[in-house]
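*Asks:* here's a sequence, model it:
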Amino acid sequence: MTEIPARRERRLTISTKAWLALRVVRTLVSVRRDLARYPLADLVARSLAANPPSAARGTAYSYPPAQLGRAVNRVLGVGGSSVRCIHRALVLQRLLAEQGVHSELVIGLREKATDQKAHAWVELSGRDIGPSPGRNGHVPLARYPGAR
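*Replies:* I've put the predicted structure just below:
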């Protein structure tokens, strides 16, 4: 698994926040389009192929994974929008891949589930990084690694 990069969180300027919010929304549009076209496993694999680790080095931006997870959650929660957890998780995974950080998309059910309501989140080295509420008492059923 990918080791969690040691990056310090820094306060973002208003212009950086706006730029990041635009990236999140643009990535959401792309994720929704791609989910309509490809099965989930193919979509994750395509995201990795489009963002190989060596290509991400030298990008102009780099955010700590937890900070990026919070940003995705905040941007996609504006106005009480109900963006589904799978979309939020795929957006976060794709943005992390663009930075060269390869994570796992995890899908699970509550431990004592009485229905089939699944939840999706992203993990890095086995640690839940969001989007909120993250694992939140769910048991993993499927994992889609962004890289090996």
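
*Asks:* is the residue nearest the centre of the chain in a helix, a strand, or coil?
*Replies:* Centre of the chain computed as the mean C-alpha position; nearest residue by CA atoms, centre = their mean is residue 92, 1.9 Å away. Put simply, residue 92 is helix when judged by DSSP: H, G, I helix; E, B strand; the rest coil.

*Asks:* just residue 135 next, same as before
*Replies:* Once three-state DSSP is applied, residue 135 turns out coil.

*Asks:* any idea which residue of this structure is furthest from its center?
*Replies:* Distance-from-mean max, the chain, by CA atoms, centre = their mean: residue 114 at 27.0 Å.

*Asks:* which residues are in contact with it?
*Replies:* Not one residue lies near residue 114 by CB atoms under 8 Å, 6 or more residues apart in numbering. No exception for glycine: its C-beta is placed from N, CA and C like everyone else's.

*Asks:* burial of residue 15, as a residue count?
*Replies:* Using other CB atoms under 10 Å, residue 15 is surrounded by 8 other residues.

*Asks:* for the chain, longest helix please?
*Replies:* helix 14-37 (DSSP state H).

*Asks:* give the buried residues for stretch 78-94.
*Replies:* Within stretch 78-94, the residues scored as buried using 16 or more other CB atoms under 10 Å are 83, 85-94.

*Asks:* let me fix that, I meant to ask about stretch 122-141.
*Replies:* Neighbour-count burial for stretch 122-141 [16+ other CB under 10 Å]: 122-124, 128-131, 134, 138.

*Asks:* returning to that earlier point: for the longest helix of the chain, name the packing helices and strands.
*Replies:* helix 40-50, helix 65-76, helix 85-98 (3 or more CB pairs under 8 Å, 6 or more residues apart in numbering; DSSP states H and E).

*Asks:* what angle do it and helix 40-50 make?
*Replies:* 130 degrees (axes from the mean of the first three to the mean of the last three CA atoms, to 10 degrees).

*Asks:* switch to numbering from 511
*Replies:* Sounds good: first residue 511 from here, last item helix 524-547.

*Asks:* now do helix 524-547: everything it contacts.
*Replies:* By CB under 8 Å, 6+ apart, helix 524-547 touches 522, 553, 556, 571, 573, 581-582, 585-586, 593, 596-597, 600-601, 604-605.
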